[in-house]
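Visitor: With the input below, show me the fold.
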Amino acid sequence: MSHKEEKNAELELDHTLIETTHKVETLYVTYKKQINIAVVAAVLVVAGYISFNKFYIEPLEKEASAAIFTAQNLFEKDSFDLALNGQGDALGFIAVADEYSLTKVGNLAHYYAGVCYMRKGEFQNAVDQLDDFSTKNELVGPLAIGLKGDAYVELKEVDKGAKLYMKAAGMSKNKLTAPIFLKKAGLAYEELKEYKDAISAYEKIKSDYSDAQEAQDIDKFIARATAAQAN
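Guide: Now for the predicted structure:
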């Protein structure tokens, strides 16, 4: 490119930048009121969120922690009805989950309630409570999903249970939960006569969790599922 061509290119670029800037300025002038309102609104939303958390959620979280204390003690004593429904003026898990739904404690109350309903044999209620629980915790998360799998198996919806066991096993590779739910998945698949999936679950225990308790007799389960598949 010659010096003249380079100069022309620079002039064209300058012209483009000026034109673009002019368009942006024109846009701002034309919609100045709307843009300013939007900016102020965005700032207020952020400020409002910070204030909401500091002055409302944080105190509510402390209140919820105090409110759930009695229910947790009753839960530890296997008093599941009282833990669910409360005792005297003390709230149970159901009330805590409802009244403190915006808090982490309220969320946790759904998990406790799900466990209580499972222990009481009310499996659909357990599913309903666990559906409302969410967590990213690598231990509690798989336990909640696996527990929901147990509930569906008890409800004779074994296919749903098997899928939830596999989901729970895949959520965390810790040696505590993953092999447990893989084995439960294998047993569920055997019940469904889906032996290929059962073998796959058992073999994953053998290959990935050979030190786990579930792996000690896993060859027996693999052999059983393999023989059933061949028939």
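Visitor: Helices of the protein, start to end?
Guide: 3-30, 32-52, 58-76, 80-85, 93-99, 104-120, 123-131, 140-154, 158-171, 178-191, 195-208, 218-230 (DSSP state H).
Visitor: Now do the last one, average pLDDT.
Guide: What that stands for is helix 218-230. Across helix 218-230, pLDDT averages out at 96.
Visitor: got the buried residues for that helix?
Guide: The neighbour-count check on helix 218-230 (16 or more other Cβ atoms under 10 Å) flags Ile218, Phe221, Ile222, Arg224, Ala225 as buried. In this view, the C-beta of every residue, glycine as well, is placed from N, C-alpha and C.
Visitor: Give me the angle between that helix and helix 195-208.
Guide: Counting by axes from the mean of the first three to the mean of the last three Cα atoms, to 10 degrees, helix 218-230 lies at 160 degrees to helix 195-208.
Visitor: angle of helix 218-230 against helix 178-191?
Guide: Using the same axes, to 10 degrees: helix 218-230 against helix 178-191 is 20 degrees.
Visitor: Could you give the separation of helix 218-230 from the chain centroid?
Guide: 33 Å (Cα atoms, centre = their mean, to the nearest Å).
Visitor: Tell me the helices and strands packed up against it.
Guide: Counting contacts by 3 or more Cβ pairs under 8 Å, 6 or more residues apart in numbering; DSSP states H and E, helix 218-230 packs against helix 178-191, helix 195-208.
Visitor: next one: the fourth one
Guide: Contact here means 3+ Cβ pairs under 8 Å, 6+ apart; on that basis helix 80-85 packs against helix 58-76, helix 93-99, helix 104-120.
Visitor: and the ones you listed as JSON lines, adding mean pLDDT, distance to Tyr152 and mean neighbour count?
Guide: Listed next are those as JSON lines, based on pLDDT from 0 to 100; distance: least, Cβ to Cβ, whole Å; neighbours: other Cβ atoms under 10 Å:
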{"stretch": "helix 58-76", "mean pLDDT": "92", "distance to Tyr152": "23", "mean neighbour count": "17"}
{"stretch": "helix 93-99", "mean pLDDT": "96", "distance to Tyr152": "21", "mean neighbour count": "21"}
{"stretch": "helix 104-120", "mean pLDDT": "94", "distance to Tyr152": "11", "mean neighbour count": "21"}
